[in-house]
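1. Output the structure for:
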Amino acid sequence: MKFTFVFVILFVFVITNKLFLFNEEFLILLSFASFCFVISEQLGITLNSYFEKKSLVIKDSLLTSINLVFNKLNQKKEINKKIINFKKNINFLKKYYLKFSIKFLTQFIVYLNIKEKNNFLNKLVYLNQLEKEYFKLIILFLFKKIKMINLLLKFYGNTLQIKRFQTLNLINKLILIRKI
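-> A predicted model of the protein is given here:
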């Protein structure tokens with residue numbers, strides 16, 4: 001309050017002694033500076049608390065968003081570990097299938113030499129069943145992989161709002177509508 005009083009007295013002194021020539025631009029500048037000073041004096045605490053609240057809200061939303069992305073990345077990390085294990089299982093299955101094929105072929109040669117028709121037919125049935133189960137397993141793994149890709153497309157399109165994936169989601173919805 002003292003500063004304002006001293007400022008007003010000094011301002012009146014400057015005006016009455018004509019130390020400055022006041023033109024329109026200077027008066028507008030002086031009015032604007034006075035307005036800013038009065039606003040900062042009268043509403044400074046209110047504006048400061050308002051901006052602090054806004055900054056806390058923005059900080060909280062950013063932390064929440066970062067935590068969500070962190071959780072999603074951890075989920076994707078687990079999925080990647082499962083994919084690596086899937087590759088190992090496929091390699092193991094390949095080795096097993098190769099060993100089985102070699103064993104089968106050697107026994108087939110023995111069969112041709114010994115003429116054991118009954119034994120051969122049983123082994124062919126077993127091989128046919130194994131191939132059917134192997135085919136089912138491959139189909140199941142492919143469906144699982146396609147499902148993961150669809151989930152990733154939806155995540156990137158809906159959660160992260162990336163335009164390219166949103167377009168892919170829209171195309172998939174249109175295809176489903178046409179099928180209906």
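
2. Tell me which helix or strand comes right after the helix or strand harbouring Ile83.
-> Take DSSP states H and E as the rule and Ile83 turns out to sit in helix 24-114. Following helix 24-114 in sequence order, the next helix or strand is helix 117-154 (DSSP H and E).

3. Could the C-alpha coordinates of whichever helix or strand Ile15 is part of be exported in PDB?
-> Using DSSP H and E, Ile15 sits in helix 2-16. Output in PDB follows, covering the C-alpha atoms of helix 2-16 (Å, rounded to 0.1, in the frame of the first residue of the first chain):
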ATOM      1  CA  LYS A   2       2.900   2.400   0.800                       C
ATOM      2  CA  PHE A   3       4.400   1.700  -2.600                       C
ATOM      3  CA  THR A   4       1.200   2.600  -4.300                       C
ATOM      4  CA  PHE A   5       0.900   5.800  -2.400                       C
ATOM      5  CA  VAL A   6       4.500   6.900  -3.100                       C
ATOM      6  CA  PHE A   7       4.000   5.900  -6.700                       C
ATOM      7  CA  VAL A   8       0.900   8.100  -7.100                       C
ATOM      8  CA  ILE A   9       2.600  11.100  -5.400                       C
ATOM      9  CA  LEU A  10       5.600  10.700  -7.700                       C
ATOM     10  CA  PHE A  11       3.400  10.400 -10.700                       C
ATOM     11  CA  VAL A  12       1.400  13.500  -9.800                       C
ATOM     12  CA  PHE A  13       4.700  15.400  -9.200                       C
ATOM     13  CA  VAL A  14       6.000  14.400 -12.700                       C
ATOM     14  CA  ILE A  15       2.800  15.400 -14.400                       C
ATOM     15  CA  THR A  16       2.500  18.800 -12.700                       C
END
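
4. For that helix, name the packing helices and strands.
-> On a contact count with 3 or more C-beta pairs under 8 Å, 6 or more residues apart in numbering; DSSP states H and E, helix 2-16 meets no helix or strand. All C-beta atoms are positioned from the backbone trio N, CA, C, and that covers glycine.

5. so how many other residues sit close to Leu93?
-> A count of nearby residues for Leu93, using other C-beta atoms under 10 Å, gives 13.

6. what's it in contact with, if anything?
-> Tyr134, Leu137 (C-beta atoms under 8 Å, 6 or more residues apart in numbering).
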